[in-house]
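Novice: Fold the stuff below for me.
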Amino acid sequence: MTGSRATATPAAEIAPAELTRARIDRAGVACLLVATLGWGLNWPIVKLLLQEWPPLFARGSAGLVAAAVLATLAALKGERLLPARGSRWRLAWAAFTNVFAFMGFSTLALLWLKAGEAALLVYTMPVWAVLFAWPVLGARPSLRSTLALVLCLAGTLILFGDSLAAFDAAKLPGVAFALAAAVLFAIGTVTGRGGVPLPPIANTAWQVGLGSAPMIVLSLAFEQPRLGALSATGLAAWIYMTAVPMGLCYLAWFAAVRRLSPSTAATGSLLVPLIGVLAAAPILGEAITPAAVAAMVLVLSGVALVVTQRGTPLSPGRPAAD
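Specialist: Alright, predicted model coming up:
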């Protein structure tokens with residue numbers, strides 16, 4: 001009886017921690033799926049909006065409104081709104097990489113590139129994230145995560161393969177903006193794991209607001225937007241962009257990054273261009289080709305390898321849990 005109690009006690013003590021870790025992992029995966037679904041649907045929706053408003057103004061105005069709504073929500077919940085003085089540069093860097101570079105640069109790339117070309121380059125981000133995570137966090141890529149990256153990138157190449165032959169010198173500015181978005185977002189993912197010392201909603205409000213404000217300034221200087229050009233369809237698209245990609249998706253993404261490894265979060269984000277292509281069929285009437293089906297199989301297989309991986313390290317000897 002004594003031996004039985006001795007063996008039962010450690011199991012009873014360990015089980016709650018394991019269950020908590022499993023719940024945190026599932027929460028991270030759920031947040032990642034919310035972010036990728038919302039951003040993926042935004043590709044065809046923003047294409048509708050850009051027929052009526054210029055890119056930086058559309059993105060920036062949606063972001064500023066989303067930031068105001070998030071700040072109000074944070075205040076109603078009693079969250080601390082003002083960042084500590086020592087964290088302001090960190091907050092500015094996070095806003096630059098997570099919002100301005102990712103949204104702004106990828107949108108600017110569309111001035112020179114087709115949507116498929118821009119998506120192909122922007123979503124090389126997981127490769128950069130895994131590479132940066134090795135020296136920065138000591139998170140050496142495992143064989144499983146490497147295979148997942150290969151599958152996801154192969155699927156993305158198949159999905160947008162027809163665009164590769166069209167690259168020429170006139171498109172170099174777009175290539176530069178798209179790669180800058182990918183590299184800077186990856187750096188932000190890896191270096192931002194410590195986070196800004198603010199509650200989550202207030203933190204997101206600051207990042208979205210600070211990242212969106214320069215887009216408005218640049219738009220007013222170079223785009224000359226016409227407010228009256230927006231139709232009912234354009235207004236609906238703008239409302240979606242404000243509420244989901246610029247609001248909910250960032251909350252979900254930051255939550256996912258806190259709970260998952262950089263390579264897991266980055267690889268899961270490759271669902272975004274895939275969802276965009278699939279959503280473009282009903283929204284824009286674009287056909288789903290055999291290449292799109294093959295890409296879906298490859299990308300989903302790669303994502304499944306990563307998100308079902310147990311004990312993915314955040315750093316040496318540390319499990320993927322808060």
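Novice: in which helix or strand would I find the nearest residue in space to residue 51 that is not next to it in sequence?
Specialist: Distance criterion C-beta to C-beta, 6 or more residues apart in numbering; nearest residue to residue 51, sequence neighbours excluded, is residue 234 at 7.4 Å. Quick note: C-beta positions are derived from backbone N, CA and C, even for glycine. Assigned by DSSP states H and E, residue 234 belongs to helix 232-243.
Novice: Mind giving me the packing neighbours of the helix or strand following that helix?
Specialist: Counting by DSSP H and E, the next helix or strand C-terminal to helix 232-243 is helix 249-259. Applying 3 or more C-beta pairs under 8 Å, 6 or more residues apart in numbering; DSSP states H and E, one finds that helix 249-259 contacts helix 2-49, helix 200-222, helix 262-268.
Novice: repeat that for 6 Å
Specialist: helix 2-49, helix 200-222 (3 or more C-beta pairs under 6 Å, 6 or more residues apart in numbering; DSSP states H and E).
Novice: which other residues reach it?
Specialist: With C-beta atoms under 6 Å, 6 or more residues apart in numbering as the test, helix 249-259 has contacts from 24, 28, 31-32, 34-35, 38-39, 204, 208, 265.
Novice: from what I can see the residue nearest to residue 51 touches residue 50, true?
Specialist: No. Counting by C-beta atoms under 6 Å, residue 234 does not reach residue 50; the two are 9.2 Å apart.
Novice: For residue 97, which non-adjacent residue is spatially closest?
Specialist: residue 188 (2.8 Å).
Novice: Could I have the CA atoms of the helix or strand that contains that neighbour written out in CSV?
Specialist: Assigned by DSSP H and E, residue 188 belongs to helix 172-191. C-alpha atoms of helix 172-191 as CSV (Å, rounded to 0.1, in the frame of the first residue of the first chain):
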residue,chain,number,x,y,z
LEU,A,172,12.8,44.8,-58.6
PRO,A,173,11.2,47.5,-56.3
GLY,A,174,8.3,45.2,-55.6
VAL,A,175,10.7,42.2,-55.0
ALA,A,176,12.6,44.4,-52.6
PHE,A,177,9.5,45.5,-50.7
ALA,A,178,8.1,41.9,-50.5
LEU,A,179,11.4,40.5,-49.2
ALA,A,180,11.8,43.3,-46.7
ALA,A,181,8.3,42.5,-45.4
ALA,A,182,9.2,38.8,-45.1
VAL,A,183,12.6,39.4,-43.4
LEU,A,184,11.4,42.1,-41.0
PHE,A,185,8.3,40.3,-39.9
ALA,A,186,10.5,37.2,-39.3
ILE,A,187,12.9,39.2,-37.2
GLY,A,188,10.0,40.7,-35.3
THR,A,189,8.6,37.2,-34.6
VAL,A,190,11.9,35.9,-33.2
THR,A,191,13.1,39.0,-31.3
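Novice: That's all I had, so thanks and see you.
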